[in-house]
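Sharing a model that was predicted from the sequence below.
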Amino acid sequence: MIPVLFTIGPLHVYSYGLMLGISFLLGSYILALHLKRSAIDPGVANTITFLAVIFGIGGAKILYLIEEWDSFVRDPFGMAFSAGGLTWYGGFLLALLAVSVFIRSKRIPFLKVWDGLGMALILAYGVGRIGCHLAGDGDYGAPTHLPWGTIYAQGVAKPSRALQEYFQYHPEQRAEWKYDSLRVLVAGKDRMGNFYTRFDESTPLHPTPLYEFVLGCAGFGLLFWLRNRLTVDGTLFMCYVMLASVFRFFVEFLRLNPRLLGGLSEAQLFSIVLFVIALGGFVYLQRRGTPPTKSTG
């Protein structure tokens with residue numbers, strides 16, 4: 001893991017921030033190409049990207065602080081200004097609302113813009129997840145014996161702490177990975193001077209951010225293929241929401257988030273709701289935009 005890529009004097013260049021910036025620039029470029037193709041001023045993409053950055057990060061942070069309210073009350077400044085701690089669907093909803101209001105104010109056909117947003121978001125989200133992987137910010141998954149299991153001892157969120165609640169509900173894995181005995185043994189210091197344990201350096205975890213990167217690339221490829229086949233404005237965006245919901249739903253089974261209902265996490269429950277709404281929206285738009293078939297009888 002490389003949370004800090006390099007340092008210039010007092011300035012630290014963080015891998016998470018760099019990849020987040022690259023993801024937004026990439027998303028803006030894809031959106032601009034789509035707008036140009038749709039005979040809409042591509043310069044609008046810059047403003048939309050700016051709104052997405054401000055309201056996306058703001059919404060993601062606000063929802064995270066609500067979810068972690070007890071920790072926020074204990075350390076409001078530290079929680080509010082920490083580099084990590086973002087809940088993706090909070091950012092998605094607030095950014096989408098802000099962008100939609102802006103598009104409406106400019107009298108631009110927002111369904112066309114939404115279609116471009118879908119293509120931009122699915123790839124930008126995947127690229128941004130590389131930053132989570134490099135930072136080791138706790139978005140990784142459960143322990144695994146798979147050959148691509150990743151050691152996150154150098155990350156900012158140590159597995160010995162991040163998996164504490166997970167192992168409370170999985171006692172058999174707790175014993176298998178020798179959590180109680182290894183987590184109390186200090187193994188060394190990371191590049192930022194923080195201690196890590198024998199558990200951190202010996203326990204490979206599912207690199208779920210990389211899974212989401214691969215899924216984001218695959219989803220972009222599918223949407224790119226569909227863009228000329230879906231002729232009704234807005235349906236491509238609905239496909240994006242359905243794809244993103246399905247991807248997050250299944251990746252979440254490997255992550256460490258607590259289960260709330262029926263063995264499902266908060267993100268999975270929200271993904272189900274989003275998928276149903278998007279499916280309904282797709283059917284509605286398709287029926288509204290498809291002219292009735294003339295009878296030949």
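Yes, it's here. Residues are numbered from 1 along each chain as shown.

Helices of the stretch 151-297 of the chain, start to end?
Ranges of helices in the stretch 151-297 of the chain, per DSSP state H, counting those that start in this stretch, are 159-162, 164-168, 171-176, 179-182, 198-202, 208-226, 235-251, 266-289.

Need these in JSON lines (columns: mean neighbour count, mean pLDDT and distance to Asp139).
Glycine gets a C-beta too; all of them are placed from N, C-alpha and C. As requested, the helices of the stretch 151-297 of the chain are exported to JSON lines (neighbours: other CB atoms under 10 Å; pLDDT from 0 to 100; distance: least, CB to CB, whole Å):
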{"stretch": "helix 159-162", "mean neighbour count": "21", "mean pLDDT": "92", "distance to Asp139": "9"}
{"stretch": "helix 164-168", "mean neighbour count": "15", "mean pLDDT": "91", "distance to Asp139": "13"}
{"stretch": "helix 171-176", "mean neighbour count": "12", "mean pLDDT": "94", "distance to Asp139": "19"}
{"stretch": "helix 179-182", "mean neighbour count": "16", "mean pLDDT": "94", "distance to Asp139": "20"}
{"stretch": "helix 198-202", "mean neighbour count": "20", "mean pLDDT": "94", "distance to Asp139": "16"}
{"stretch": "helix 208-226", "mean neighbour count": "18", "mean pLDDT": "96", "distance to Asp139": "5"}
{"stretch": "helix 235-251", "mean neighbour count": "22", "mean pLDDT": "95", "distance to Asp139": "10"}
{"stretch": "helix 266-289", "mean neighbour count": "16", "mean pLDDT": "92", "distance to Asp139": "11"}
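
just so I know, which of these lies nearest Val44?
With CB to CB, the closest approach to Val44 among these belongs to helix 235-251: 16.2 Å.

how distant is that closest one from the center of its chain?
With CA atoms, centre = their mean, to the nearest Å as the basis, helix 235-251 stands 12 Å off its chain's centre.

And it, what does it pack against?
In terms of contacts (3 or more CB pairs under 8 Å, 6 or more residues apart in numbering; DSSP states H and E), helix 235-251 is packed against helix 110-135, helix 208-226, helix 266-289.

Show me what the first one is packed up against.
Contact analysis of helix 110-135 by 3+ CB pairs under 8 Å, 6+ apart lists helix 15-37, helix 44-67, helix 88-105, helix 208-226, helix 235-251 as its packing neighbours.

out of those helices, which comes closest to Leu5?
Proximity to Leu5 (CB to CB) singles out helix 15-37 among the helices and strands packed on helix 110-135, at 5.2 Å.

how close does Ala39 get to Ala32?
13 Å (CB to CB, to the nearest Å).

So these two - more neighbours on which side?
Taking other CB atoms under 10 Å, Ala39 and Ala32 do not tie; Ala32 has more neighbours (21 against 8).

ok, the more buried one - contacts?
Counting by CB atoms under 8 Å, 6 or more residues apart in numbering, Ala32 touches Pro42, Gly43, Ala45, Asn46.

for Asp233, same thing?
Contacts for Asp233 (CB under 8 Å, 6+ apart) come out as Pro109, Leu111, Lys112, Trp114, Asp115, Leu285, Gly289.

Distance of the closest residue to Asp180 other than its chain neighbours relative to Met119?
Closest residue to Asp180 apart from its sequence neighbours, by CB to CB, 6 or more residues apart in numbering: Arg174 at 7.0 Å. Counting by CB to CB, the separation of Arg174 from Met119 is 43 Å.

Gln135 contacts Ser15, correct?
One thing to correct before we go on: residue 135 is Ala, not Gln. Yes: contact criterion CB atoms under 8 Å: Ala135 and Ser15 qualify, at 5.5 Å.

List the residues that are in contact with both of these two.
By CB under 8 Å, 6+ apart, the residues touching both Ala135 and Ser15 are Pro3.

Thanks a lot, see you next time.
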